[in-house]
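**Q** Please find the sequence and the predicted model below.
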Amino acid sequence: MPAQEFDFIVVGGGSAGCALAARLSENSGFRVALVEAGRKSGGLNVDVPGLLSKVVPPNPMNWNYWTEPQKQLNGRKLYWPRGKVMGGSSAINGMIYIRGHARDYDEWAQMGCSGWSYDDVLPYFKKSEGTDRPDNAYHKGDGPLKVSQRTSVNPLNEAFLEAGNEAGLPYTEDFNGETQEGLGWFDQTIRGGRRQSTAKTYLAEAEHRPNLKIIADTQVQRVILEGKQVTGVEVNRKGKISILHAAREVILSGGAINSPQLLQLSGIGHPDDIQAVGLPVLHELPGVGRNMQDHLDILVAAYLKQPVSLVRYQAPHRGVMELVKWFLKKPGVLSDIVLPVGAFLKTDPALERPDIQLHILLGMADEPHGFAKAHEHGFGIHICQLRPRSTGTISLASADPLAAAKIDPNYLADPEDTRVLREGIKIARRMMRQPAFADFIDREREPFAGTDLDDDDAVNAIISAKGETIYHPVGTCSMGPSNNASSVVDPELKVVGMTGLRVADASVMPRLIGGNTNAPTIMIAEKCADLIKKHHAAV
């Protein structure tokens, strides 16, 4: 691939990168390149919502990462799926559309991220979302990212909501509206039974613009520096190395793992991390790869009396019938989200905002991440601790750009994280014992079956043995004031001390939001696009 010059190079065609490249290319005077390491299209497995189990386990459209052994999780390595295809993790995620709590963003602003309060970011959520909800203070229905309300008709959904009511828990009509707290239906990035990744929405609208170059199957190996000025990127396409020049800016949108890794490979970061693999330090920035936060999750499951779980669709004749429905654009299990209802709840009424999230799973996997199919009818309630105090790191394992980084989330290093999960487990198990579930639940499944709700030590041991990620890593290129030693980017997402380099993805979140991270990542891209357009209109 010969050397080429663009005004802007966006590195990573994921949730943020596709949205950002599409928005920048709206300006016909900008020459924009979008570079993605994975393939351009994910095919049927990505498009069909009900085939989620095909894209989460190890496969060619996935980076298939593993963490370092986790001390507080019995030395286990956890599997971290991340999308390696145009659309990134929006092409392999659970399709839940959640923005987080308003206070999450006000907290960012209080930490020195001026311009990122809830009032500041709400317009970008509304700008991005194309919802079937009526227009109101929280929604406007004409954005690129198509979002739909409830579709699933499984009776377990209503049983879950009624069990919450019987347990005295609140209900909310819209998790992304005025009140997040309560049980309710998740909005979903599905429209017409098709997954709405940023590749299928933002990029599909923009890909025919003559000023946008989409480059797939090409991995960026390093950012090119001339002093403190970034001038382009070095890329590897099927073993051939070449240079892409950026006349204005390079924007990293590789996500919470790949963006800090690329900075470190380029000599930007904490000297210890860079020198450990024999690379030179070109720009000292200690916060790179630090401040990693992720949502740890635990599953409470039960066997069912009735054959109403997703296991029934493993029968070949039913599977074929559902696939025919999907092709004919008729409602069916393949056009549905697999986690349709859930809750945001407080483990302590004195809290200002929910600290746990529940998701109901309409099946019961024998292994996490879909590694093995379930063979018995069951369902589960996922419990996710929303605001972990434990933080981890991303660091280089090798100077080889094609080698995976070392991922150390440092789960449960702070005992408070275990306590919150433990309280969430109690809430989920008490819900399962409500009358609404009496006609459905046969018996609770191991490892919690027979465990005393109040036996903290026993529950703690199960959390250590069974806790898993729910795929929301953030924070490794943390945003903050430029005079803060831990800041990697300033509130305009410019890399501190550098010219011509920004980061726009989940890695810039200074603190993990209380919910799923896809919608907030897209919001970050929307805001970044406006920041860039404003900056270059003024110069």
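**A** Noted; the coordinates are in hand. Numbers count the residues shown, from 1 in each chain.
**Q** biggest helix in this structure by residues?
**A** Among all segments of the chain classified by DSSP state H, the helix with the greatest residue count is helix 518-537.
**Q** In this structure, where is pLDDT below threshold?
**A** Applying pLDDT under 70 to the chain flags residues 1-3, 539.
**Q** for it, what spans make up the helices?
**A** Counting by DSSP H, one finds helices in the chain at the ranges 15-24, 44-47, 52-55, 102-110, 118-128, 155-166, 204-206, 255-265, 271-275, 316-327, 415-432, 456-466, 518-537.
**Q** Going by neighbour count, which residues in the longest helix of the chain are buried?
**A** Using 16 or more other CB atoms under 10 Å as the burial criterion, the residues of helix 518-537 that qualify are 518-529, 531-532, 536. Any C-beta I mention is one placed from the backbone N, CA and C, and that applies to glycine too.
**Q** Work out the gap between it and the centre of the chain.
**A** 18 Å (CA atoms, centre = their mean, to the nearest Å).
**Q** Which strands and helices lie in contact with it?
**A** Counting contacts by 3 or more CB pairs under 8 Å, 6 or more residues apart in numbering; DSSP states H and E, helix 518-537 is packed against helix 15-24, strand 96-97, helix 118-128, strand 240-252.
**Q** I'd like to know which of the ones you listed is closest to K330.
**A** Across those, K330 has its closest neighbour in strand 96-97 (23.0 Å, CB to CB).
**Q** Parallel or antiparallel, list what pairs with that closest one.
**A** strand 187-188 (antiparallel) (DSSP bridges).
**Q** what's next to the partner strand, contact-wise?
**A** 49, 95-98, 131, 133, 147-149, 151, 174-176, 337, 340 (CB atoms under 8 Å, 6 or more residues apart in numbering).
**Q** about what we covered before: please work out which of the helices and strands packed on helix 518-537 is packed deepest.
**A** With neighbours defined as mean count of other CB atoms under 10 Å, these peak in mean count at helix 15-24, which reaches a mean of 31.
**Q** Report the angle between that helix and strand 240-252.
**A** The directions of helix 15-24 and strand 240-252 differ by 80 degrees, with axes from the mean of the first three to the mean of the last three CA atoms, to 10 degrees as the criterion.
**Q** Output the helices and strands packed on helix 518-537 as a markdown table; include the columns distance to V288.
**A** Output for those, formatted as a markdown table (distance: least, CB to CB, whole Å):
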| stretch | distance to V288 |
| --- | --- |
| helix 15-24 | 18 |
| strand 96-97 | 29 |
| helix 118-128 | 24 |
| strand 240-252 | 11 |
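**Q** What count of nearby residues applies to A413?
**A** 16 (other CB atoms under 10 Å).
**Q** Look up the closest residue to it, ignoring the ones flanking it.
**A** Beyond its immediate neighbours in the sequence, the residue positioned closest to A413 (CB to CB, 6 or more residues apart in numbering) is S390, lying 4.1 Å away.
**Q** what residues are up against the one you found?
**A** Contact partners of S390, counting by CB under 8 Å, 6+ apart, are 293, 409-414, 417.
**Q** Take those and write them to JSON lines, including distance to V235.
**A** Putting the contacts of S390 into JSON lines (distance: CB to CB, whole Å) gives the following:
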{"residue": "Q293", "distance to V235": "30"}
{"residue": "P409", "distance to V235": "29"}
{"residue": "N410", "distance to V235": "32"}
{"residue": "Y411", "distance to V235": "34"}
{"residue": "L412", "distance to V235": "38"}
{"residue": "A413", "distance to V235": "37"}
{"residue": "D414", "distance to V235": "40"}
{"residue": "D417", "distance to V235": "39"}
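**Q** could you flag which of those residues are buried?
**A** Judged by neighbour count, with 16+ other CB under 10 Å as the criterion, the buried members of the contacts of S390 are 293, 409-413, 417.
**Q** N236 against Q219, yeah?
**A** Yes. Using CB atoms under 8 Å, N236 and Q219 qualify as a contacting pair, with a distance of 4.9 Å.
**Q** Now for those two: what residues contact both?
**A** Common contacts of N236 and Q219, defined by CB under 8 Å, 6+ apart, comprise 401-402.
**Q** what angle sits between the longest helix of the chain and helix 15-24?
**A** What separates the directions of helix 518-537 and helix 15-24 is an angle of 40 degrees, with the same axes, to 10 degrees.
**Q** mind saving the C-alpha coords of helix 518-537 as CSV?
**A** Taking Å, rounded to 0.1, in the frame of the first residue of the first chain, the C-alpha atoms of helix 518-537 are listed here in CSV:
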residue,chain,number,x,y,z
ASN,A,518,-21.6,1.1,24.1
ALA,A,519,-23.9,4.1,24.0
PRO,A,520,-21.6,6.3,26.1
THR,A,521,-18.7,5.4,23.8
ILE,A,522,-20.7,6.6,20.8
MET,A,523,-21.5,9.8,22.6
ILE,A,524,-17.8,10.4,23.2
ALA,A,525,-17.2,10.1,19.4
GLU,A,526,-20.1,12.5,18.6
LYS,A,527,-18.7,15.1,21.0
CYS,A,528,-15.1,14.5,19.7
ALA,A,529,-16.3,15.2,16.2
ASP,A,530,-17.8,18.5,17.2
LEU,A,531,-14.6,19.4,19.1
ILE,A,532,-12.5,18.7,16.0
LYS,A,533,-14.8,20.6,13.6
LYS,A,534,-14.8,23.6,15.9
HIS,A,535,-11.0,23.6,16.4
HIS,A,536,-10.2,23.3,12.7
ALA,A,537,-12.8,25.9,11.7
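**Q** quick one: that helix to helix 102-110, angle?
**A** Relative orientation of helix 518-537 and helix 102-110, computed by the same axes, to 10 degrees: 40 degrees.
**Q** now the angle from helix 518-537 to helix 255-265?
**A** When the same axes, to 10 degrees is applied, the directions of helix 518-537 and helix 255-265 differ by 50 degrees.
**Q** Inside strands: which ones of the contacts of strand 187-188?
**A** Among those, DSSP state E puts 96-97, 131, 147 in strands.
**Q** which among the residues you listed gets closest to G83?
**A** Using CB to CB, I96 is the member of the ones in strands among the contacts of strand 187-188 that lies nearest G83, at 15.2 Å.
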